[in-house]
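1. only geometry, no sequence info:
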């Protein structure tokens, strides 16, 4: 155990002792008082990353019954939340999609068409990554496209500026595209699960897409404009790149039956999420698609075991249980009435939520941002008259816009690990994108989303 | 003579200037350690929910890239030191980072080993810094200097 871990552990123990020594402030129940410190410890662990996010969630799950805040049976029941099965199903589908080589084939085909011009090539990488991130977890898309981009850079005549532009294209495409649907990351389904648990209301797959699409489209165009500016001054010889893309495609051979069938199942799943998602539940659609994959012999359990991180189950269970405790003990309401007194303008409330989420997401995992801010933010519904769905989106959309620092998502960390781009680059260009993202999200939250709910 | 070991295979003009002040001959070394590369990939993927295969794939990819960058680093450093009239001999070696470094330092009989890395998000340094106490212990009388 290092010194930092020891300090965090000591602070955590001290925090957990406080509710047993001091009385709660007026207006807060005894259980709410205890929940506040369990919440504080979870936030401390989430921010510091002293243990993986999933372990922090397990800790919350254990502390809640231990402190008498929730019965053990109730706390553990959150593992069975439908959102958990939805996200697990999504990871299993991604595994088959990636393993089949279909995603790589599509990416290579499009890039080969655009690979003659440096700007078109960068925009090709950007839009392909963005489009795939609509339908797959964004960092899985980055993990898939990253090797292609590195091979392209190997074959470009040495040009540092162009290398940076291509890596920015990959990063921005994934981050912007990842907000479009519930499939882009773990945070979206987690937020919907919390919304359902706390308010009994939900956001369907289609409504989510309708809400986020304008934001994604506007940011997508801004990103494309910036990439054009970044790449147009570079003279890059792409002759080798063209040959490399051709050779990569040749190596893949003709499209296999597995690829064709997986393509069909994925398209069927997308249509079903949109059309039947609200009626039968998105988890049902996802698990059905997974079962079909196995029945058709398109997925292999051994492959799934290698491709899926089962820690996501613990993260979801713990985060939802903690959120439930915050709500049921009245702590969320108390926090809102204590800290949001005086802010009654919905526009100001939304601006505050968007900015706080944007700042926090650069410092910690974006799922953690949702896990610890959403239970409190949803309570604002009572004081602001804003639909809880709007409040939920106002947290989730900006929390997915981490483009600068690697603490938030593997998307930034993977790109930075190439060594061809540095944090100062992602901060310099990412700051402009994030500012645009804040304005666009705030405008959508204020004027567009309330019309949908 | 100084043994200069790059942690991240990144060129930094300031490092060259600092090393030039303390010696007139430099042996440059980049160590490609497969195990460390897995830890680097793990740092990059840590915040996500993807399985082990993605980390292994990324580690293999980074290993290939790192080897390429290492060769470029040797070439760039040779040119950089030449400008200052300092003799530079560079090498890229595969193997266990600590063992290769310590063996090389002892074989060369240097009095000082300089570890270099670039500031900012640097998963390579995040991994290597945990090994610094072991390296110091194994180097015994040889001084270990860290240049950022």
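-> Perfect, I can see it now. Not measured: the values here are computed from a predicted model.
2. When you work out contacts or count neighbours from here on, use the C-alpha atoms and nothing else.
-> Fine.
3. In contact with the residue of chain B found nearest chain A, which residues?
-> Nearest to chain A, among the residues of chain B, is residue B:51, at 3.9 Å (C-alpha to the nearest C-alpha). Residues near residue B:51 by C-alpha atoms under 8 Å, 6 or more residues apart in numbering or on different chains: A:305, A:306, A:307, A:308, A:309, A:310.
4. for it, phi and psi?
-> In terms of degrees, to the nearest 10, the main-chain angles of residue B:51 are phi -80, psi 180.
5. Next: the one 3 residues further on.
-> Residue B:54 has phi and psi values of phi -60, psi -40 when expressed as degrees, to the nearest 10.
6. can you pull the pLDDT of the closest residue in space to residue B:56 that isn't next to it in sequence?
-> In this structure, residue B:56 finds its nearest non-sequential neighbour in residue B:38, 6.7 Å apart by C-alpha to C-alpha, 6 or more residues apart in numbering or on different chains. The model reports residue B:38 with a pLDDT of 92.
7. What about residue B:38, how many residues nearby?
-> 20 (other C-alpha atoms under 10 Å in any protein chain shown).
8. can you tell me the helix or strand for it?
-> In this assignment (DSSP states H and E), residue B:38 forms part of helix B:34-45.
9. Quick one: residues in contact with that helix.
-> A:406, A:410, A:413-414, A:417, B:55-56, B:58-60, B:62-63, B:95-97, B:123-124, B:127.
10. Could you pick out the buried ones from those residues?
-> A:406, A:410, A:413-414, A:417, B:55-56, B:58-60, B:62-63, B:97, B:123-124, B:127 (16 or more other C-alpha atoms under 10 Å in any protein chain shown).
11. number of nearby residues for the nearest residue to residue B:143 once chain neighbours are set aside?
-> Spatial nearest neighbour of residue B:143, excluding adjacent residues (C-alpha to C-alpha, 6+ apart): residue B:112 at 4.6 Å. By other C-alpha under 10 Å, 19 other residues sit near residue B:112.
12. check contacts around residue B:112.
-> In this structure, residue B:112 makes contact with B:1, B:2, B:3, B:142, B:143, B:144, B:145, judged by C-alpha under 8 Å, 6+ apart.
13. Out of those residues, which end up buried?
-> Buried members of these, counted by 16+ other C-alpha under 10 Å: B:1, B:2, B:3, B:142, B:144.
14. Verify the stated contact: the first one with residue B:20.
-> No: with contact defined as C-alpha atoms under 8 Å, residue B:1 does not count as touching residue B:20 (10.6 Å).
15. who touches both of the two?
-> By C-alpha under 8 Å, 6+ apart, no residue touches both residue B:1 and residue B:20.
16. Help me confirm that residue A:183 is found in a strand?
-> No: per DSSP: H, G, I helix; E, B strand; the rest coil, residue A:183 lies outside any strand segment and is coil.
17. Around chain A, which positions in chain B sit nearby?
-> Within chain B, the positions near chain A by C-alpha under 8 Å from any C-alpha of the partner chain are B:8, B:10, B:40-41, B:43-54, B:58, B:61-62, B:65, B:120-123.
18. one step back: just the buried ones among the contacts of helix B:34-45 now: which is nearest residue A:241?
-> residue B:62 (19.9 Å; C-alpha to C-alpha).
19. mind listing what that closest one touches?
-> With C-alpha under 8 Å, 6+ apart, residue B:62 has these contacts: A:417, A:418, B:37, B:41.
20. could you measure the residue with the largest distance to the centre of chain B against residue A:179, distance?
-> Distance from the C-alpha centroid of chain B, by C-alpha atoms, centre = their mean, peaks at residue B:49 (29.8 Å). Remark: distance between residue B:49 and residue A:179 (C-alpha to C-alpha, to the nearest Å) = 17 Å.
21. how much distance is there from the helix holding residue B:38 to the middle of the chain?
-> 15 Å (C-alpha atoms, centre = their mean, to the nearest Å).
22. ditto for stretch B:32-52
-> Offset of stretch B:32-52 from its chain centre (C-alpha atoms, centre = their mean): 18 Å.
23. Straight-line length of it, end to end?
-> 21 Å.
24. contacting residues around stretch A:284-303?
-> Stretch A:284-303 has contacts (C-alpha under 8 Å, 6+ apart) with A:85-86, A:89-90, A:92-93, A:95-96, A:258, A:261-262, A:265-266, A:269, A:272-273, A:276-277.
25. Pull out the buried residues from the host helix or strand of residue B:133.
-> Residue B:133 is part of helix B:132-139, with elements assigned from DSSP H and E. Going by neighbour count (16+ other C-alpha under 10 Å), the buried part of helix B:132-139 is B:135, B:136, B:139.
26. which non-adjacent residue is nearest the residue farthest from the centre of chain B?
-> Nearest one to residue B:49, counting by C-alpha to C-alpha, 6+ apart, is residue A:309 at 5.1 Å.
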